[in-house]
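quick one, structure for this:
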Amino acid sequence: MNKRQRNPFASGDKTKLNKIHKPQSRNDKVRPVVTKKSVQKHAGKTELVGDGERVQKVLARGGVASRREIERWITEGRFKINGVLVTQGAHLKTGDYLQLNERVVHWEKFAVQPTRVLIYHKPAGEIVSRKDPQGRPTIFAKLPDIETSRWIAVGRLDVNTSGLLLITNNGELANKLMHPSSEVEREYAVRILGEVPDAKLDLLKQGVQLEDGLAKFDQMYFMGGEGANKWYHVVVSEGRNRLVRRLWESQNVVVSRLMRVRYGPVVLSDGLRTGKCQELNVKELELLFEFAGLPAETTSAVRGDKKDVKTKHPTSR
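Okay, the predicted model is just below:
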C-alpha cells in the first residue's frame, strides 16, 4: 500500500511537488497534488505588473469581468479613456480617466489589489450564481466580505453537486484556471447505484459521443462500497456542463451523489466542513500561480496566512 502523500495545500505543509498516485481504497486515499510535469505544461509568459498595463488585464485582475468579456466590451465601444473611445491594445497609465458605459471606473485600486483565493466546500442545494430567480441559496451569500473588488468562482458546480469550489478576486488567475486550453484536471467522487460491467467502464475511458461532442474520463478508480452503492473517483480535463453526470447517464448508470474533491493542484481538505471556506496562504498561492503559469505576487501584496475564514452564515455538515 502506498504511503499517504501530504497535501502541499493543507495548512502549513512545506512538502515539495509530488507525483500523483492512484488511491488504494475509499478510506485510504492518496491525495493527488501538483506534479512537476503539470507545472511545466501550464507554464507561460505574462506581462509584468506596473504602469501602462492593458485595459483588459487591469480590469480582469480587479474582478470586473474576464479578459475575453472586456475585450468584447472594447470592440463594442463601451470604454473611454480621457474621453476617447478605447481600442484593442490600449493601456492605462497613472492619471488616466476611465469610463465604462459613461460611468467612471476607479481602476487605480486594482493596480495594488492583493490576490486572495478561497477553497469553498459547497453543499448540495446551493447554486453558483449571484442571484437566483427561484430564490435558491447562492454560494456568494456565504463568502466573506471583500472591499475593493468582487469574488469570482473558478468554474461551476450544478445545484445537486457538492464539493470544492475555488473562489478568487483575481480575474486573470481565474481565467487561466478555467480556460479550455489549460486542460486543468477536475477530480470527482461519484456514488452510483449497482454494478457496472467492465465493458461500460472501458467505454467511459475510451470516449463516448455526447450531444456536444466526444467525452471521456481521463482516469477512473474504483473506491469500493457496500450493497448497491459503489464509489468511484473520476478525472476530467474540461469543464463542460454536467459532464461527469452525463457520461455516467450515457451508460444508463444512476449517480446518487457527486462531489468534486480536486481542482488542478488544490485538494478539498477532509476537515473543511460544508458551507465553510479556507483561504490559501502565501506559499499555497505561490504554488497556484506557478501551476497557472503566472508570476507570483510579492509577499507584501498577499493577504497574510489566513487558514480559516468565517462565512456569513456558517453551517455544519
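
now the helices for the stretch 51-200 of the chain?
Shown for the stretch 51-200 of the chain, the helices assigned by DSSP state H, counting those that start in this stretch span residues 55-61, 67-75, 171-178, 198-206.

got the contact list for the first one?
With C-beta atoms under 8 Å, 6 or more residues apart in numbering as the contact definition, helix 55-61 has outside contacts at 47, 65-67, 70-71, 74, 79, 81, 86, 90-92, 98, 105, 107, 110-111, 113, 170-172, 175. C-beta coordinates here come from the backbone N, C-alpha and C atoms, glycine included.

by mean pLDDT, show me the worst of the helices of the stretch 51-200 of the chain.
Between the helices of the stretch 51-200 of the chain, the lowest average pLDDT goes to helix 55-61, which shows a mean of 86.

related to what we said a few turns ago, in JSON lines: the helices of the stretch 51-200 of the chain, plus mean neighbour count and distance to residue 295.
Converted to JSON lines, those look like this (neighbours: other C-beta atoms under 10 Å; distance: least, C-beta to C-beta, whole Å):
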{"stretch": "helix 55-61", "mean neighbour count": "24", "distance to residue 295": "12"}
{"stretch": "helix 67-75", "mean neighbour count": "16", "distance to residue 295": "16"}
{"stretch": "helix 171-178", "mean neighbour count": "23", "distance to residue 295": "11"}
{"stretch": "helix 198-206", "mean neighbour count": "13", "distance to residue 295": "37"}
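
to residue 244, which of those lies closest?
Shortest distance between residue 244 and those, using C-beta to C-beta, is found for helix 198-206: 10.2 Å.

and the closest one, what does it pack onto?
On a contact count with 3 or more C-beta pairs under 8 Å, 6 or more residues apart in numbering; DSSP states H and E, helix 198-206 meets strand 219-224.

now the strand it packs on - C-alpha only, PDB.
The C-alpha coordinates for strand 219-224 follow below in PDB (Å, rounded to 0.1, in the frame of the first residue of the first chain):
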ATOM      1  CA  GLN A 219      -8.700   8.500 -15.100                       C
ATOM      2  CA  MET A 220     -11.100   6.200 -13.200                       C
ATOM      3  CA  TYR A 221     -10.600   4.500  -9.900                       C
ATOM      4  CA  PHE A 222     -12.900   2.100  -8.100                       C
ATOM      5  CA  MET A 223     -13.100   3.100  -4.400                       C
ATOM      6  CA  GLY A 224     -15.300   0.300  -3.000                       C
END
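
which secondary structure elements does that strand contact?
Packing contacts for strand 219-224, counted by 3+ C-beta pairs under 8 Å, 6+ apart, involve helix 198-206, strand 229-236.

tell me the strands beside that strand, with direction?
Here the strand partners of strand 219-224, with direction, are listed using DSSP bridges: strand 229-236 (antiparallel).

and the contacts of the helix or strand just after the partner strand?
With elements assigned by DSSP states H and E, the helix or strand that comes after strand 229-236 is helix 243-249. By C-beta under 8 Å, 6+ apart, the residues outside helix 243-249 that reach it are 158, 161, 188, 190, 192, 204, 208, 210, 215-217, 234, 236, 254-255, 258.

just the buried ones among those residues, please.
Among those, those classed as buried by neighbour count (16 or more other C-beta atoms under 10 Å) are 161, 188, 190, 192, 204, 208, 210, 215-217, 234, 236, 255, 258.

restricted to strands, list the residues you listed.
188, 190, 192, 208, 210, 215, 234, 236, 255, 258 (DSSP state E).

let me have those in CSV, extended by distance to residue 221 and pLDDT.
What follows is these, written out as CSV (distance: C-beta to C-beta, whole Å; pLDDT from 0 to 100):
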residue, distance to residue 221, pLDDT
188, 11, 98
190, 10, 97
192, 13, 95
208, 18, 95
210, 22, 95
215, 18, 96
234, 8, 98
236, 13, 97
255, 16, 96
258, 15, 97
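
circling back: could you dump the helices of the stretch 51-200 of the chain to CSV with distance to residue 246?
What follows is those, written out as CSV (distance: least, C-beta to C-beta, whole Å):
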stretch, distance to residue 246
helix 55-61, 30
helix 67-75, 25
helix 171-178, 19
helix 198-206, 11
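
of these, which is nearest residue 119?
Across the helices of the stretch 51-200 of the chain (criterion: C-beta to C-beta), the nearest stretch is helix 171-178, sitting at 12.9 Å.

that older thread, and the helices of the stretch 51-200 of the chain: which comes nearest residue 241?
It is, among the helices of the stretch 51-200 of the chain and with distance given as C-beta to C-beta, helix 171-178, at 13.1 Å.

mind giving me the packing neighbours of that closest one?
Under the contact definition 3+ C-beta pairs under 8 Å, 6+ apart, helix 171-178 sits against helix 55-61, helix 67-75, strand 152-154, helix 282-292.
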